[in-house]
Each structure stands twice: as structure tokens, then as C-alpha cells.
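A.B. asks: Any chance you could fold what I've pasted below:
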Amino acid sequence: MTADPGSHRLESKEERVDRNLMELLNELRVALPGVQVLFAFLLVVPFNQRFSSTTAFQRGTYIATLLLTTAASVCLIAPSVHHRLLFRLQQKEHIVLTANRLSLVGLTLLSLAMTGVVLFLTDFLIGGTPAVLVTLGVAVLFAVVWYLVPLRHLIRARRA
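C.D. replies: Sure, this is the predicted structure:
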């Protein structure tokens, strides 16, 4: 066994791929309940009596958020489906690489959906400029915490 390039671990390629798959699946176990709760919330919203009083903008935001949540669910659940369909073909590395991409896309869609639901609710509850400011704050929070912080670290690590 030798260390993989860029890794300090002494593990075979197969062991690395196995570990990467398990880590990815564990990470998805954290994200999936969030997207499922959001999706359930969005499925119930139109049946609320007050939904009929929403504006065209709010209904458009709702539809966009529902579609983003659906797409996030598809991408975040897809790695499990890929694994079930392909696991006997000795394609685990392909599964891990594809699942990683799908997870990143799914998490990005989830961040957009969560931002969309904040816009929908804040526009419905308080409207106007405060709703836009709160939504922008949420969008910036996602951008910084989910993307800029780790990407900054990645860039520094690659330079070192």
C-alpha cells in the first residue's frame, strides 16, 4: 500500500474509493432530511387558505422554489440509485465521481431553494425592501459558508 498522490493516507486505491463513497453517503444523510422537509412544506403550502391571497410574484417564487427543491431531491438521491444499479459492475470509482458531482449540484440547488423559500415567506409576511434584504443576506450566507470558505482553503492548499 502506498499513499495516494495528494493524500497522507496509506491505503489502496480500492480502500480510498470505498472510504470516499462511505463519506459521501454519510454527508448525503445530513442533506437529505433537509431537502425532504422543505419539499414536504412546499407541497402543503398551496392548500393553506391564505395561499390564494399571494401575489403573482409570490406564486412565481413558490413555483421556482418547488422546482429547485425537486431538482435538489433528484440530485441528492441519485447517488443511491446509481450505486444500487452499478455496484456489481466494479465501477465504484465512477460511482463516487458521479455522485460527488451530483451532490455538489444538488446542494447548490438546495441552497437556491432555501433562499427561494426565504424570499417567498418574507415577501408574503413583510414584503418590499426588508424581504429583499433578508433574502440577499441568506444568499450571501450560503455563498460564503458553503462555497467561498472551502474554495479559499482549496486554493491555498493547491498553492502550497
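A.B. asks: Mind checking which residue lies nearest the centre of the chain?
C.D. replies: Centroid-nearest residue in the chain: L107, 1.3 Å away (criterion: C-alpha atoms, centre = their mean).
A.B. asks: contacting residues for it?
C.D. replies: 31, 72, 76, 146 (C-beta atoms under 8 Å, 6 or more residues apart in numbering). The C-beta positions use only the backbone N, C-alpha and C, and glycine is treated the same way.
A.B. asks: Just checking the distance from the helix or strand containing the third one to the centre of its chain.
C.D. replies: In this structure, L76 sits in helix 56-86 according to DSSP states H and E. Taking the mean C-alpha point of helix 56-86 and that of its whole chain, the gap between them comes to 9 Å (C-alpha atoms, centre = their mean, to the nearest Å).
A.B. asks: Which residue comes closest to T122 once chain neighbours are left out?
C.D. replies: Counting by C-beta to C-beta, 6 or more residues apart in numbering, A131 is the residue found nearest to T122 once chain neighbours are left out, at 3.8 Å.
A.B. asks: how deep is that neighbour tucked in, by neighbour count?
C.D. replies: 19 (other C-beta atoms under 10 Å).
A.B. asks: do the same with M114
C.D. replies: By other C-beta under 10 Å, 20 other residues sit near M114.
A.B. asks: Which secondary structure elements does the worst-scoring helix or strand of the chain on mean pLDDT sit against?
C.D. replies: When the helices and strands of the chain are compared on mean pLDDT, DSSP states H and E, helix 13-44 comes out lowest with a mean of 86. Counting contacts by 3 or more C-beta pairs under 8 Å, 6 or more residues apart in numbering; DSSP states H and E, helix 13-44 packs against helix 56-86, helix 92-125.
A.B. asks: Now render the ones you listed as JSON lines, adding distance to F39 and mean pLDDT.
C.D. replies: Below are the helices and strands packed on helix 13-44 laid out as JSON lines (distance: least, C-beta to C-beta, whole Å; pLDDT from 0 to 100):
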{"stretch": "helix 56-86", "distance to F39": "5", "mean pLDDT": "93"}
{"stretch": "helix 92-125", "distance to F39": "9", "mean pLDDT": "94"}
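A.B. asks: Deepest in the core, which of those is it.
C.D. replies: Here the criterion is mean neighbour count by mean count of other C-beta atoms under 10 Å, and of the helices and strands packed on helix 13-44 the winner is helix 92-125, at a mean of 19.
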